[in-house]
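*Asks:* Let me see the structure of the following:
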Amino acid sequence: MNMPSRPSWGARSIFKAREEANQLICCVIGDGKGIDFWKQPWHPDGFISHLYPEGRILNTLPQSTTVDNLLSNGEWIPTNQRTLPGLHPILNSALIIPGNHNQVIWKPHVNGNFTLTSACWIPPDEGRFKLNSDTSLCQTEVAIGGLVRDSNSSNITAFSINMPPKSIQELEMQAILVGPASARKLGLNHLWIESDSLFAINAINGKIKCLWKQIPILFNLKALLSEFQSWKITHIWREANSAPDLVSKTNCCIKVEDLPPSNLPPDLMALVLDDSSGTLYTRL
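*Replies:* The predicted structure follows:
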């Protein structure tokens, strides 16, 4: 289904959600029947039209091609290297179980099952880093904290600082601002930022207007992000954002200004290990 020529706000939202969901699904190929070779995200690395655009440009495979057209007895039919150079190695990384039905996999779930009642921490791609931040209020103390992690959580940097009392929205945006500054000090060029503050995410992405007090924070953040080669910022459910929450609470409660990777508290390391193993957290 294609987007209407004059879509409503609801239609645009649905199509945008579909694009985001497509990045989180792939298929275990059985017979390959009914799977559009070009237009469906059946490959674990995304759309074939993005992985191998030459095929569409050269028009060597019709737009109507389905995956089963290129399979025989569970094996990929050898392709002509003159007309489709480099396609076969891409196909060989697909997931195939001959004789089974095609199965859709929801990548955020450790078992591949789709669910809306739980949440998990999704690691960044290999070679990229992810920043999660949060804010904690402990009696009269306020602190912000965060974690920068790589794809397998083997490289971890934590930060946490005390803050003067402000509105929770300002603090959440401030927490996001401090994170990229720490990432730049580490020499990182590609960053995925996550926060459980939907207000902050929407304000940074330009979906809503922030209050005048928050404009300087937003301005400084965008200036800082422009120094990265690539970046994106998305929302994460609070239940899957417990690690940075604990970092901020640690600073708030025991006055730790710096949390070096070699000295992370055991309870924080336990949360990091749970996140990296794909643990599902029940949403409340």
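*Asks:* quick one: what helix or strand has residue 132 in it?
*Replies:* strand 129-138 (DSSP states H and E).
*Asks:* residues of that strand that come out buried?
*Replies:* Residues 129, 130, 131, 132, 133, 134, 135, 136 are the ones in strand 129-138 that count as buried (16 or more other CB atoms under 10 Å). Using the backbone N, CA and C atoms, a C-beta is placed for each residue, glycine as well.
*Asks:* Let's test this: mean pLDDT of the longest helix seen in the chain, rounded?
*Replies:* In the chain, taking DSSP state H as the definition, the longest helix is helix 168-185. For helix 168-185, mean pLDDT is 84.
*Asks:* Off-centre distance for it?
*Replies:* Counting by CA atoms, centre = their mean, to the nearest Å, helix 168-185 is centred 18 Å from the centre of its parent chain.
*Asks:* Make 54 the first number, not 1, from now on.
*Replies:* Done: numbering now begins at 54, and the last item shifts to helix 221-238.
*Asks:* give the contact list for residue 334.
*Replies:* 171, 172, 173, 290, 292, 293, 295 (CB atoms under 8 Å, 6 or more residues apart in numbering).
*Asks:* Most neighbours among those, which one is it?
*Replies:* Highest neighbour count within the contacts of residue 334, by other CB atoms under 10 Å: residue 293, with 22 neighbours.
*Asks:* ok so, going back, what are the contacting residues of the longest helix of the chain?
*Replies:* Residues outside helix 221-238 that contact it (CB under 8 Å, 6+ apart) are 182, 184, 186-188, 190, 195, 197-199, 201, 210, 212, 214, 216, 219, 244, 246, 248, 250, 252-253, 256-257, 263-264, 266-267, 270-271, 273-274, 277-278, 280-281, 284, 286, 297, 301.
*Asks:* if we go to 7 Å?
*Replies:* Here helix 221-238 makes contact (CB atoms under 7 Å, 6 or more residues apart in numbering) with 182, 184, 186-188, 195, 197, 199, 201, 210, 212, 214, 216, 244, 246, 248, 250, 252-253, 256, 266-267, 270-271, 273-274, 277-278, 280.
*Asks:* of the residues you listed, buried ones?
*Replies:* 182, 184, 186-188, 195, 197, 199, 201, 210, 212, 214, 216, 244, 246, 248, 250, 252-253, 256, 267, 270-271, 274, 277-278.
*Asks:* Mind checking which of these land in helices?
*Replies:* Those of the buried ones among the contacts of helix 221-238 lying in helices (DSSP H): 252, 253, 256, 270, 271, 274, 277, 278.
*Asks:* per-residue confidence for residue 133?
*Replies:* Reading off the model, residue 133 has pLDDT 63.
*Asks:* got it, and residue 186?
*Replies:* On the pLDDT scale, residue 186 gets 90.
*Asks:* following the lowest-mean-pLDDT helix or strand in the chain, which helix or strand comes up?
*Replies:* Within the chain, confidence by mean pLDDT, DSSP states H and E is lowest for strand 311-312 among all helices and strands, at a mean of 48. Note on strand 311-312: by DSSP H and E, the next helix or strand toward the C-terminus is helix 319-329.
*Asks:* Give me the residues contacting stretch 74-87.
*Replies:* With CB under 7 Å, 6+ apart, stretch 74-87 has contacts from 88, 94-97, 119-121, 124, 147-150, 152-161.
*Asks:* what bridges to residue 89?
*Replies:* Bridge pairing for residue 89 (DSSP bridges) gives the partners residue 119.
*Asks:* Distance check, it against residue 82.
*Replies:* 13 Å (CB to CB, to the nearest Å).
*Asks:* Show me the shaky parts of this structure.
*Replies:* Applying pLDDT under 70 to the chain flags the ranges 54-56, 107-113, 132-136, 160-170, 191-193, 304-316, 337.
*Asks:* what domains does the record give for it?
*Replies:* 62-160, 182-335 (automatic domain parsing).
*Asks:* mind listing what the closest residue to residue 293 other than its chain neighbours touches?
*Replies:* Closest residue to residue 293 apart from its sequence neighbours, by CB to CB, 6 or more residues apart in numbering: residue 172 at 4.1 Å. For residue 172, the contacting residues are 290, 292, 293, 334, 336, by CB under 7 Å, 6+ apart.
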